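1. Can you look at this prediction? I've put the sequence above it.
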Amino acid sequence: MSQHVRGVVARAKGDPVRVETIVVPDPGPGEAVVKVQACGVCHTDLHYREGGINDDFPFLLGHEAAGVVEQVGPGVTDVQPGDFVVLNWRAVCGHCRACRRGRPQYCFDTHNARQKMTLTDGTELTPALGIGAFAEKTLVAAGQCTKVDPAASPAAAGLLGCGVMAGIGAAINTGGVGRGDSVAVIGCGGVGDAAVLGARLAGAAKVIAVDIDDRKLETARTLGATHSVNSSDTDPVERIRALTGGFGADVVIEAVGRPETYRQAFYARDLAGTVVLVGVPTPRMKLELPLLDVFGRGGALKSSWYGDCLPSRDFPMLVDLYLQGRLDLDAFVSETITLDEVEDAFARMHKGDVLRSVVIL
Ligand SMILES: NC(=O)c1ccc[n+]([C@@H]2O[C@H](COP(=O)([O-])OP(=O)(O)OC[C@H]3O[C@@H](n4cnc5c(N)ncnc54)[C@H](O)[C@@H]3O)[C@@H](O)[C@H]2O)c1
Ligand SMILES: [Zn+2]
Ligand SMILES: [Zn+2]
């Protein structure tokens, strides 16, 4: 028995997305059907729609979600119907080389549902990041469901499923920010702001927010940035050095994904400091740096995918901190919308008007 539900589908490159009827199969071995309660609109959904990820149209969009497990397939023991879960795109396999070496955050074989959701004519859908949660219900691998405290609001908890986790994790997991560190964050959208939160959480003494949009800098300050720099009129490297006693920051997080902002991050850190690239560049971008500076400035140049998170370790912990009032996830929810409003939300995201629009189902 399959179910018919409503979901947001991107049929072809650049076409506006539409709500369509989709067919969700009953869960097979190792799978679960989740009743989605909330799903944030992320840049990656727009990238899919624009053909920027791959050509496997039609896509079922949405991947930053929380909901309740409705049905599980044979052999599923970690979650059961009724569990409140955040969906993740890192259901680690436990067997690949990375997993066996104790580095499951680099798993090469993360799990997704094996069966396909389809349109009513049988056309197979490609779920965004193996999730597809702009839908009343979605089929995922059971390992993609991470149980968290059901006291959390679905809109806030769901954000941990992608961008907010990427930002927090860039600071606390990849960057290894510690008590007393100085941290600069270049690019304060949803991901950069989450890095600001992560840096604060890790005990950073100074958190310097850099952006070209004053509205973004204001939000970053409400979230706990101690200083802000508008890099459209101030040299961010000089300013960050001035704010850190002439040295540069211990950790600089680049959350834009451009060569010029990467270069700023590279020179704005102290000797032997760490740069974390979390912004995603395009295939054509190139970086040129004097190799002598790469050598002479020492330290670490790192990239961060999904905040180097382990969902089973990080999601429940961050939800607990949220419920204790120590992690303001609600600040990221700029507006709540319906499934029919995703296309409009893309436009607002593109203009920089929102941190996150969240679809409530
Ligand atoms: N590594 C990961 O796992 C991961 C996960 C999710 C998103 N991302 C990436 O993180 C990046 C940020 O995502 P987001 O959702 O916060 O996007 P966003 O559009 O909300 O934020 C980008 C911010 O950068 C600012 N900006 C643009 N150009 C700038 C410049 N030259 N100097 C300073 N600031 C500038 C913008 O004003 C905006 O505030 C994107 O590249 C996204 O694809 C990475
Ligand atoms: Zn693995
Ligand atoms: Zn995302």
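-> All right, it came through fine. Residues are numbered from 1 along each chain as shown. Ligands and ions are numbered 1, 2, ... in the order given.

2. how about Val319, what does it touch?
-> Val86, Val148, Asp149, Ala152, Ala157, Leu160 (C-beta atoms under 8 Å, 6 or more residues apart in numbering). The C-beta positions use only the backbone N, C-alpha and C, and glycine is treated the same way.

3. Relative to Ala166, how far out is it?
-> 16 Å (C-beta to C-beta, to the nearest Å).

4. how far away is the residue of the stretch 1-150 of the chain at minimum distance from ligand 1 from Ala12?
-> Closest contact between the stretch 1-150 of the chain and ligand 1, by C-beta to the nearest ligand atom, is at His43 (4.7 Å). According to C-beta to C-beta, His43 stands 20 Å off from Ala12.

5. what about these two, which has more around it?
-> His43 (17 against 11; other C-beta atoms under 10 Å).

6. Spit out the contact partners of the closest residue to the more buried one other than its chain neighbours.
-> Residue nearest to His43 in three dimensions, not counting chain neighbours: Met349, with 6.9 Å by C-beta to C-beta, 6 or more residues apart in numbering. Contacts for Met349 were tallied using C-beta under 8 Å, 6+ apart; they are Val41, His43, Leu46, Ser357.

7. distance of the residue located most distally from the centre of the chain from Gly298?
-> No residue in the chain sits farther from the centre than Leu292, which is 33.9 Å out by C-alpha atoms, centre = their mean. Using C-beta to C-beta, Leu292 is found at 12 Å from Gly298.

8. Now the common contact residues for those two.
-> Common neighbours of Leu292 and Gly298, counting by C-beta under 8 Å, 6+ apart, are absent.

9. Name the residues of the stretch 1-150 of the chain found near ligand 1, please.
-> Counting by C-beta under 6 Å from any ligand atom, the residues of the stretch 1-150 of the chain close to ligand 1 are His43.

10. Which parts of the stretch 1-150 of the chain are helices?
-> 43-49, 97-100 (DSSP state H, counting those that start in this stretch).

11. List the buried residues in the first one.
-> For helix 43-49, burial by neighbour count (16 or more other C-beta atoms under 10 Å) applies to His43, Thr44, Asp45, Leu46, Tyr48, Arg49.

12. do the same with stretch 78-87
-> Across stretch 78-87, burial judged by 16+ other C-beta under 10 Å covers Val79, Asp83, Phe84, Val85, Val86, Leu87.

13. What strands line up against the host helix or strand of Glu335, and which way round?
-> If you go by DSSP states H and E, Glu335 is part of strand 333-337. Applying DSSP bridges, strand 333-337 is found paired with strand 356-360 (parallel).

14. Rounded mean pLDDT for the partner strand, please.
-> For strand 356-360, mean pLDDT is 97.

15. what's the answer for stretch 147-163, then?
-> For stretch 147-163, the per-residue pLDDT averages 97.

16. Packing partners of whichever strand or helix holds Ile253?
-> Element membership of Ile253 [criterion: DSSP H and E] is strand 249-254. Where contact means 3 or more C-beta pairs under 8 Å, 6 or more residues apart in numbering; DSSP states H and E, strand 249-254 is packed against strand 182-186, helix 190-201, helix 259-268, strand 269-277.

17. Show me the contact partners of it.
-> By C-beta under 8 Å, 6+ apart, the surrounding residues in contact with strand 249-254 are 167, 170-171, 175-177, 181-187, 192, 195, 199, 204, 206, 208, 240, 261-262, 264-266, 268-270, 273-279.

18. Buried subset of those residues as a ChimeraX selection?
-> Buried subset of those, written as a ChimeraX selection, criterion 16+ other C-beta under 10 Å:
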select :167,170,171,175,176,177,181,182,183,184,185,186,187,192,195,199,204,206,208,240,261,262,264,265,266,268,269,270,273,274,275,276,277,278,279
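
19. List, out of the contacts of strand 249-254, those positioned next to ligand 1.
-> Ile186, Gly187, Gly192, Thr261, Val278, Gly279.

20. Spit out the contact partners of the residue in the stretch 1-150 of the chain that ligand 3 sits nearest to.
-> At 3.1 Å from ligand 3, Cys42 is the closest residue in the stretch 1-150 of the chain, using C-beta to the ion. By C-beta under 8 Å, 6+ apart, the contact list for Cys42 reads His63, Glu64, Cys162, Gly163, Gly190, Arg356.

21. Any of these buried? List them.
-> Applying 16+ other C-beta under 10 Å to those flags His63, Glu64, Cys162, Gly163, Gly190, Arg356 as buried.

22. Thought Cys162 was touching the first one, still the case?
-> Yes: using C-beta atoms under 8 Å, His63 makes contact with Cys162 at a distance of 5.9 Å.

23. hey, what's in contact with both of those two?
-> Cys42, Thr44, Trp89, Leu129.

24. Ramachandran coordinates for the first one?
-> Which is Cys42. phi -110, psi 160 (degrees, to the nearest 10).

25. so how far is stretch 22-35 off the chain centroid?
-> Distance, stretch centre to chain centre, for stretch 22-35: 24 Å (C-alpha atoms, centre = their mean, to the nearest Å).

26. cool, and stretch 219-237?
-> On C-alpha atoms, centre = their mean, the centre of stretch 219-237 falls 22 Å from that of its chain.

27. Convert that stretch to PDB, retaining C-alpha atoms only.
-> Extracted in PDB, the C-alpha atoms of stretch 219-237 (Å, rounded to 0.1, in the frame of the first residue of the first chain):
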ATOM      1  CA  THR A 219      21.300  40.000  13.200                       C
ATOM      2  CA  ALA A 220      24.800  38.600  13.800                       C
ATOM      3  CA  ARG A 221      25.200  41.000  16.700                       C
ATOM      4  CA  THR A 222      21.900  40.000  18.200                       C
ATOM      5  CA  LEU A 223      23.100  36.400  18.000                       C
ATOM      6  CA  GLY A 224      26.200  37.300  20.000                       C
ATOM      7  CA  ALA A 225      28.800  38.700  17.700                       C
ATOM      8  CA  THR A 226      30.900  41.100  19.700                       C
ATOM      9  CA  HIS A 227      32.100  43.200  16.800                       C
ATOM     10  CA  SER A 228      30.900  43.700  13.200                       C
ATOM     11  CA  VAL A 229      32.700  44.900  10.000                       C
ATOM     12  CA  ASN A 230      31.000  46.000   6.800                       C
ATOM     13  CA  SER A 231      33.600  44.800   4.300                       C
ATOM     14  CA  SER A 232      32.100  46.900   1.400                       C
ATOM     15  CA  ASP A 233      33.600  50.000   3.000                       C
ATOM     16  CA  THR A 234      36.200  48.700   5.500                       C
ATOM     17  CA  ASP A 235      39.200  46.400   4.800                       C
ATOM     18  CA  PRO A 236      38.200  43.400   6.800                       C
ATOM     19  CA  VAL A 237      41.800  42.000   7.200                       C
END
